Each structure stands twice: as C-alpha cells, then as structure tokens.
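> Build me a model from this:
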Amino acid sequence: MKLAVLPPVLLVAGCTLLTPTHDASRFYTLAVRDASTAATRGRAPSVVVGPVTIPAYLDRNEVAVRVSPTEIRYTPTERWAEPLAANFTTVLAEDLAVVLGSDRVVPQSAAAGVTPDFSVEVVVVRFEAAADGSAQLTARWALRDRDRKILLVRQTQHARQATSGTTEGGVKALSAAVGDLADEIAAAIHSPTT
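Next comes the predicted model:
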C-alpha cells in the first residue's frame, strides 16, 4: 500500500521543484553610430574589416565590468547577445562605412572573393566598461593595401564616459569608443602614408 501512494507524492513534489523561475537576463549589443553623420557618397574605397581578435577574458557571454586595475566582474544576468568579436567586427565595419560614405565596407566573414582597396586587422587589448561608467578601448591595428602590404600599424586608446553607471550606459560608451576607432581608421585610409 505504501508503494501505491509513493508515485503520486513524487509527482506532486516534482512539479513544485520544476516550477519555472523568472529569467532576469538582459542581452546587449554594441550600437552602430548614427548614419546622419555619414560622409557624402562618392568614389569611396572598398574595405574589409578583420580579423578582429579579442582577449580570452572577454570571449564569453557575460559582460565584463572593470572594478579595479586588477579585478574584472562578470555579471551573470547581463550578457552579450552574440559573440563579442563578431559584434565588434560588424559594428566597426558599419561605423567605418558611415565615416567613409561607402557601401563597400564589409566584415571579413562577408568578403569571400573580394579584393578590397584596403583591409584592417585589429587586435583588441582592452575593451570594458568600469563600475564608474567609464569605458576603455585599447587596440593595435594594421592597415593593408589591396596587395596585402602593410601601410600602417598603430596602437590606440579611446576612452569614453557613460551617461549612466549602468551596464547599458557602459555598452553605449563602448560603442562610442568603437566609433572613435572607426574615425581613426578612416583618417588613415584617406592618408595612408602618414
């Protein structure tokens, strides 16, 4: 008789243990700059952006927040909506297209069979927002011509201050820093020997 009562009790207990919980996760992407700032269209160069590499500590779903010079905090409920390297590459290409006024700027993943006028390779050294709302992008990048000859190699730093100390504010500031990098690369494309 005890065995007949046991399965219904387990069934009821199982239902209460498997009750769905609210998922408080928020997902973020970097934002492309406002297209109203686009350069006038004309004979714009073709550019392939990539590869872009990011540090291993950023190659994860959780958003990294710098809390001290030696400590990073990962927020379990605040995540990137796609791999950060892919999102960074896409946004950098879009921002560069806006600055150059070109429809011929694409990420490397979309450039099969294309021989661009220029290609840009980026190694991200640091890319995170801090708890105080500041954002920092440090990167090394190289500009190559259509023959893959290196025209220019630079290390750059772009810092932005968020309008709020939230993760969303930090992501907006990081997006602006990517836009600053696009401005710098565009200037080098216009004058590749300087």
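> OK, contacts around residue 172?
Going by C-beta atoms under 8 Å, 6 or more residues apart in numbering, residue 172 touches 31, 162, 163. C-betas here are computed from N, CA, C, even on glycine.
> and the first one, how many neighbours does it have?
With neighbours defined by other C-beta atoms under 10 Å, the count for residue 31 comes to 16.
> do the second one as well
By other C-beta under 10 Å, the residues close to residue 162 number 21.
> and it, how far is that from residue 74?
18 Å (C-beta to C-beta, to the nearest Å).
> can you give me the helices for the chain?
2-17, 84-100, 167-190 (DSSP state H).
> I'd like the average pLDDT over the last one.
Confidence for helix 167-190, expressed as mean pLDDT, is 95.
> next one: the first one
The average pLDDT for helix 2-17 rounds to 54.
> wait, isn't residue 90 in contact with residue 107?
Yes. Counting by C-beta atoms under 8 Å, residue 90 touches residue 107, with 5.6 Å between them.
> Got the confidence number for residue 131?
At residue 131, pLDDT is 84.
> ok, and the closest non-adjacent residue to residue 141?
residue 122 (4.6 Å; C-beta to C-beta, 6 or more residues apart in numbering).
> which residues does the one you found bridge with?
Under DSSP bridges, the beta-bridge partners of residue 122 are residue 52, residue 141.
> Tell me, what's the model's pLDDT at it?
At residue 122, pLDDT is 98.
> remind me which residues of this structure are low pLDDT?
Applying pLDDT under 70 to the chain flags the ranges 1-19, 37-43, 192-194.
> hmm, try it at 80
1-23, 35-43, 111-114, 192-194 (pLDDT under 80).
> Grab the nearest non-local neighbour of the residue positioned nearest the centre of it.
Centroid-nearest residue in the chain: residue 88, 2.9 Å away (criterion: C-alpha atoms, centre = their mean). The shortest distance from residue 88 to any non-neighbouring residue, by C-beta to C-beta, 6+ apart, is to residue 52 (5.5 Å).
> so who does residue 127 touch?
So residue 127 contacts 54, 55, 58, 84, 88, 136, 137, 138, 139, 174, 177 (C-beta under 8 Å, 6+ apart).
> Which of the contacts of residue 172 sits closest to residue 101?
residue 31 (19.6 Å; C-beta to C-beta).
> any chance of the contacts of residue 127 in TSV, plus distance to residue 21?
Output for the contacts of residue 127, formatted as TSV (distance: C-beta to C-beta, whole Å):
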residue	distance to residue 21
54	32
55	33
58	28
84	27
88	32
136	35
137	36
138	39
139	39
174	30
177	35
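> Tell me the most packed of those residues, by neighbour count.
When neighbours are counted as other C-beta under 10 Å, the busiest of these turns out to be residue 88, with 28 neighbours.
> correct me, but residue 123 touches residue 141?
Yes. Counting by C-beta under 8 Å, residue 123 does reach residue 141; the two are 7.3 Å apart.
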